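> from the sequence below, what's the structure:
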Amino acid sequence: MTKGSDLRQRLHALRAEQPGLRARDAAQALGVSEAELVSSGVEETATRLTAAWRDMLAAMPALGRVMCLTRNEHCVHERHGRFEQVSANGPHGLVLGPDIDLRIFFGQWHAGFAVAEDTRSGPRRSLQFFDAHGTAVHKIYATAETDMTAFDAWVTRFRAETQSAGLAVKARPDPSPDRPDSEIDCESLRAAWRGMRDTHEFFGILQKHKVGRVQALRLAGDDLARELAPGTVRAVLTSAAETETPIMVFVGSPGCIQIHTGPVQKLVPTGPWFNVLDPTFNLHLREDRVARTFIVRKPTDDGTVTSIEAFDDAGTTIALFFGARKPGQPERGAWRDIAEARAAA
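This is a model prediction of the structure:
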């Protein structure tokens, strides 16, 4: 018996006991990565794809409306829409449509599969992409509005020549610790921060000063960043919903950042999860895994841009929240009021 067929048998037995178990949770229960679990279904429920990531992205608009899912350990971001304004430049891909808005990092993409599953709600088709450690970086699900003829043609075009169930994954290295605070030139960091003209400069500032993101937020001073009370994210989403203030919600995996721009309306707490359950946007946040939340103020040519940023206990970004805006536009006053109210609480 091959490793793939053995894993398939173990998966079938597990799902017979727990019929609604999600793939990520099933993989964890079986002690494998999600990519290995999906790969075990090749020739049964999965088709291995080539690694032509840029061509795949360019061909995605033909599929029509789909649901895109990007998640990390503690937050799931689901957005319905079409792929529009698609481009790829070297290691980066962009999707800038009004509904599907993605920043893609192809260097983290390692394996892809077309998956056909039978679920309690009926057949489900998807395209799933993973990094070298077996972690899902992005998933695209067919919906009732997807052009399934185009979907099938897409899978046929990018089907790998060799269909094998085996998949090698690498252990994820431990993250590098931050340098001691005493080694950070805080005045230089503050000066660079205050001299920003665009929010996209922030990552470069962190790199130049060799400082972690949460570390920078702690050290920058209350005028630039300030830690907020637990429950901030729920309070911010609730205020945005009550005031009908459109916002931007960023959630990233190792290989993709997915962005929602627009209102949030139906907010539903379910156990440890706090959910947005709107027709074209769903967010599922594990509130109990949010260890630190900050209000962050970044100077730009368009004025100050304010964000609410949530992190886990390892300092890993869970989600970022901004007011809805486009380059060249100032920040919405309604959003700034919502964010600053949390700083004043």
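> when you work out contacts or count neighbours from here on, use the C-alpha atoms and nothing else.
OK.
> so Gln258 is in contact with Leu102, correct?
Yes - the pair Gln258 / Leu102 is scored as a contact, 4.7 Å apart, by CA atoms under 8 Å.
> what's in contact with stretch 282-295?
74-79, 217, 225-233, 272-277, 306-313, 318, 339-340, 343 (CA atoms under 8 Å, 6 or more residues apart in numbering).
> show me the domain layout of this protein.
Using automatic domain parsing, the domains assigned to the chain come out as 3-83+109-157, 183-267+284-344.
> switch those over to a markdown table; also include distance to Pro177, mean pLDDT and mean neighbour count.
Formatted as a markdown table, the domains of the chain follow (distance: least, CA to CA, whole Å; pLDDT from 0 to 100; neighbours: other CA atoms under 10 Å):
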| stretch | distance to Pro177 | mean pLDDT | mean neighbour count |
| --- | --- | --- | --- |
| domain 3-83+109-157 | 19 | 92 | 18 |
| domain 183-267+284-344 | 9 | 97 | 18 |
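> out of these, which is closest to Ala171?
Among the domains of the chain, the nearest to Ala171 by CA to CA is domain 3-83+109-157 (5.9 Å).
> after the biggest helix by length in the chain, next one along is what?
Scanning the chain for the helix with the most residues, using DSSP state H, yields helix 3-17. Next helix or strand after helix 3-17 toward the C-terminus (DSSP states H and E): helix 23-30.
> and whichever helix or strand comes after that following helix, how far from the chain's centre?
Sequence order places helix 34-39 as the next helix or strand after helix 23-30, per DSSP H and E. Remark: helix 34-39 is offset 19 Å from the chain centroid, using CA atoms, centre = their mean, to the nearest Å.
> about what we covered before: distance to Pro91 for the domains of the chain - can I get that in TSV?
Below are those laid out as TSV (distance: least, CA to CA, whole Å):
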stretch	distance to Pro91
domain 3-83+109-157	9
domain 183-267+284-344	11
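> any idea which element the residue nearest the centre of the chain lies in?
Closest to where the C-alpha atoms of the chain average out (CA atoms, centre = their mean) is Gly252, at 2.9 Å. Taking DSSP H and E as the criterion, Gly252 maps to strand 247-253.
> ok, back up a step: of all the domains of the chain, which one comes closest to Asn89?
Once the domains of the chain are compared by CA to CA, domain 3-83+109-157 is nearest, at 8.7 Å.
> so how far is the closest one off the chain centroid?
15 Å.
> what do you get for stretch 231-243?
Chain-centre distance of stretch 231-243: 20 Å, with CA atoms, centre = their mean.
> got it, and stretch 323-340?
Its chain's average C-alpha position is 22 Å from that of stretch 323-340, according to CA atoms, centre = their mean.
> who touches that stretch?
In contact with stretch 323-340 (CA under 8 Å, 6+ apart) are residues 236, 239-240, 245-248, 261-262, 295, 301-308, 322.
> then that stretch to PDB, C-alphas only?
Below are the C-alpha coordinates for stretch 323-340, written out as PDB (Å, rounded to 0.1, in the frame of the first residue of the first chain):
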ATOM      1  CA  GLY A 323     -11.100  52.800   6.300                       C
ATOM      2  CA  ALA A 324     -12.100  52.200   2.700                       C
ATOM      3  CA  ARG A 325     -10.100  54.500   0.400                       C
ATOM      4  CA  LYS A 326      -8.100  54.600  -2.800                       C
ATOM      5  CA  PRO A 327      -4.700  56.200  -3.400                       C
ATOM      6  CA  GLY A 328      -5.100  59.900  -3.800                       C
ATOM      7  CA  GLN A 329      -8.100  60.100  -1.400                       C
ATOM      8  CA  PRO A 330      -7.900  61.200   2.200                       C
ATOM      9  CA  GLU A 331      -9.000  58.900   5.000                       C
ATOM     10  CA  ARG A 332     -12.700  58.900   5.800                       C
ATOM     11  CA  GLY A 333     -13.500  60.900   8.900                       C
ATOM     12  CA  ALA A 334     -16.100  58.300  10.000                       C
ATOM     13  CA  TRP A 335     -13.400  55.600  10.000                       C
ATOM     14  CA  ARG A 336     -10.900  57.700  11.900                       C
ATOM     15  CA  ASP A 337     -13.600  58.500  14.500                       C
ATOM     16  CA  ILE A 338     -14.200  54.700  14.900                       C
ATOM     17  CA  ALA A 339     -10.500  53.900  15.300                       C
ATOM     18  CA  GLU A 340      -9.700  56.900  17.600                       C
END
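> over to Val211: give its phi and psi.
phi -130, psi 140 (degrees, to the nearest 10).
> shouldn't it be in contact with Ser176?
No - the pair Val211 / Ser176 is not scored as a contact, 11.1 Å apart, by CA under 8 Å.
> in its sheet, what does the helix or strand encompassing Glu117 sit against?
Secondary structure from DSSP H and E places Glu117 in strand 111-119. In the sheet, strand 111-119 lines up against strand 46-48 (antiparallel), strand 122-130 (antiparallel) (DSSP bridges).
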